[in-house]
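J.: here is a sequence with its predicted model. Questions after.
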Amino acid sequence: MTTIKDVAQEAGVSVATVSRLLNDTGVVHPETAARVTAAIQKLSYEPNLLARNFRRSESRVILILSPNITNPYYAHILAGIGDVFSNLGYSAVIFNTSDAPEREREALEMLKRHRADGVILMANTLSSQEFKEYADQFPLVQCSEYDPNLQLARVSIDNYLATQEAIDYLVGLGHRRIATISSENNYISTQLRMRAYQDTLQRYNISLSDEYIKHASYDYSFKSGKAKAKELLTTDPMPTAIFCISDTLALGAVIAAQELGYCVPEDVTVIGFDDVEHTTMFHPYITTVAQPCYELGRHSAELLFAQITHASDYTREVVLPHQLIIRESSAPPLILD
């Protein structure tokens, strides 16, 4: 293995000179720098970046914790984070936590071992107290999901308002039997969407029915969305509209309706949330609440970098705009109640 001493001998300089050039810790004459660079290339020398950055008390690595990296919603957020930090010369380590607290702790321990400079979490299952202990010591940003009990840096949309607008739209079409497919998880977005669903129906004096509220799997799986939609579609009276808190659940609901012999939107309207690509891959295209996923990631990355570099003039809470996109899966009910 080529060492820094080999490079110094090849370039005809001292080890200290090579070290100054690699670590950018002093002035090196351009001609000398050229000889060292040529020696590095000739000998295929690879500096120990981890050791070098450890001496600088930085790793140039950031952590990204995602509950499910196979979900297309998170994939777009990852792209936004990755583009920002790649341009800044950082690498990223992505942990798929599956909402397991022990996996979150395992990832966050990298911060204590100086193997990462900061972390972006897309979901958190740790207690507020335990979570705050990490946030008090290390740069940390909550992206999409956040702990409402803590005043920590976060980037999200207004989930309550977005859901309110979706239910307003359904009521405006004439729907009164409006069901929802939520999730078993306890994310703040799940809580806010359920609260807005219930509050908005009450505002229109539409009675709430427990039979119209279903909870799919914690990870919004297509299979669970389909199963819960079939439960709703075999309820008497059947709902005329189903609001799903994710597009994957909405796609499951559309397939469930078709398998039971119903047409969307003629027999039942289906609305999703997120606006991932799947919503326009087959007909009917899904009416959905669009989240700016890439921008969620980009803003989170910029916010984390501001913390890492000890910037003093950054916004700790960023709320990005959403948009209700009307497509083919929504229409007025055939018979008004």
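T.: That came in fine, so what should we check first? Residues are numbered from 1 along each chain as shown.
J.: tell me where the model's unsure across this structure.
T.: 23-27, 30, 47-57, 337 (pLDDT under 70).
J.: all helices for it, in order.
T.: 4-11, 15-23, 30-43, 49-55, 72-87, 101-112, 128-137, 159-173, 188-203, 222-233, 247-259, 293-308 (DSSP state H).
J.: columns mean neighbour count on top of those, output as TSV?
T.: In this view, the C-beta of every residue, glycine as well, is placed from N, C-alpha and C. Formatted as TSV, the helices of the chain follow (neighbours: other Cβ atoms under 10 Å):
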stretch	mean neighbour count
helix 4-11	18
helix 15-23	17
helix 30-43	15
helix 49-55	13
helix 72-87	19
helix 101-112	16
helix 128-137	15
helix 159-173	20
helix 188-203	18
helix 222-233	21
helix 247-259	24
helix 293-308	22
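J.: chain center to stretch 36-46: distance?
T.: The chain centroid and the centroid of stretch 36-46 are separated by 40 Å under Cα atoms, centre = their mean, to the nearest Å.
J.: nearest to Thr280 among the helices of the chain would be which one?
T.: Thr280 lies closest to helix 247-259 among the helices of the chain, at 10.1 Å (Cβ to Cβ).
J.: helices and strands around that closest one, which ones?
T.: strand 178-183, helix 222-233, strand 241-244, strand 269-274 (3 or more Cβ pairs under 8 Å, 6 or more residues apart in numbering; DSSP states H and E).
J.: ok, which of these comes nearest Val36?
T.: Shortest distance between Val36 and the helices and strands packed on helix 247-259, using Cβ to Cβ, is found for strand 269-274: 50.7 Å.
J.: ok, residues contacting that closest one?
T.: 73, 162-163, 166, 169-170, 173, 175, 193, 240-247, 249-251, 253-254, 257, 264, 279, 286-291, 293, 329-331, 333 (Cβ atoms under 8 Å, 6 or more residues apart in numbering).
J.: tell me the angle it makes with helix 188-203.
T.: For strand 269-274 against helix 188-203, the angle by axes from the mean of the first three to the mean of the last three Cα atoms, to 10 degrees is 140 degrees.
J.: let's have the chain start at 10 instead
T.: Sure thing, new numbering starts at 10, so read that last one as strand 278-283.
J.: who does strand 278-283 pair up with?
T.: strand 250-253 (parallel), strand 296-299 (parallel) (DSSP bridges).
J.: return the most buried member of those.
T.: strand 250-253 (a mean of 31; mean count of other Cβ atoms under 10 Å).
J.: and for Ser216, the neighbour number?
T.: Look at Ser216: counted by other Cβ atoms under 10 Å, it has 9 neighbours.
J.: so what's the residue lying closest to it once chain neighbours are set aside up against?
T.: The shortest distance from Ser216 to any non-neighbouring residue, by Cβ to Cβ, 6 or more residues apart in numbering, is to Leu210 (7.8 Å). Applying Cβ under 8 Å, 6+ apart to Leu210 gives the contacts 176, 187, 216-217.
J.: export the helices of the chain to TSV and append columns for distance to Val277.
T.: Output for those, formatted as TSV (distance: least, Cβ to Cβ, whole Å):
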stretch	distance to Val277
helix 13-20	69
helix 24-32	64
helix 39-52	65
helix 58-64	56
helix 81-96	24
helix 110-121	38
helix 137-146	40
helix 168-182	11
helix 197-212	17
helix 231-242	7
helix 256-268	5
helix 302-317	27
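J.: Leu161 is nearest to which of these?
T.: With respect to Leu161, and counting by Cβ to Cβ, the nearest of the helices of the chain is helix 137-146 at 5.1 Å.
J.: check the offset of that closest one from the chain's centre.
T.: Centroid separation between helix 137-146 and its chain, computed with Cα atoms, centre = their mean, is 20 Å.
J.: and the closest residue to Asp92 other than its chain neighbours, how far from Thr209?
T.: Nearest non-adjacent residue to Asp92, counting by Cβ to Cβ, 6+ apart: Arg307, 6.9 Å away. Using Cβ to Cβ, to the nearest Å, Arg307 is found at 31 Å from Thr209.
J.: same check, this time on Val16
T.: According to Cβ to Cβ, Val16 stands 67 Å off from Thr209.
J.: just to revisit the earlier point, could you redo the strands paired with strand 278-283 as JSON lines and give each row distance to Pro157?
T.: Below are those laid out as JSON lines (distance: least, Cβ to Cβ, whole Å):
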{"stretch": "strand 250-253", "distance to Pro157": "22"}
{"stretch": "strand 296-299", "distance to Pro157": "20"}
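J.: how about those strands, which one is nearest Tyr143?
T.: Smallest distance to Tyr143 across the strands paired with strand 278-283 (Cβ to Cβ): 31.0 Å, for strand 296-299.
J.: now what about that closest one, what contacts it?
T.: With Cβ under 8 Å, 6+ apart, strand 296-299 has contacts from 171-172, 174-175, 256, 259, 278-284, 288, 331-339.
J.: among the helices and strands packed on helix 256-268, which is nearest Val22?
T.: Closest approach to Val22 among the helices and strands packed on helix 256-268 (Cβ to Cβ): strand 278-283, 56.2 Å.
J.: how near is the closest residue to Val328 other than its chain neighbours to Ser68?
T.: In space, not counting the residues next to it along the chain, Val328 is nearest to Asp167; the distance is 5.7 Å by Cβ to Cβ, 6+ apart. Noted for Asp167: a distance of 35 Å to Ser68, by Cβ to Cβ.
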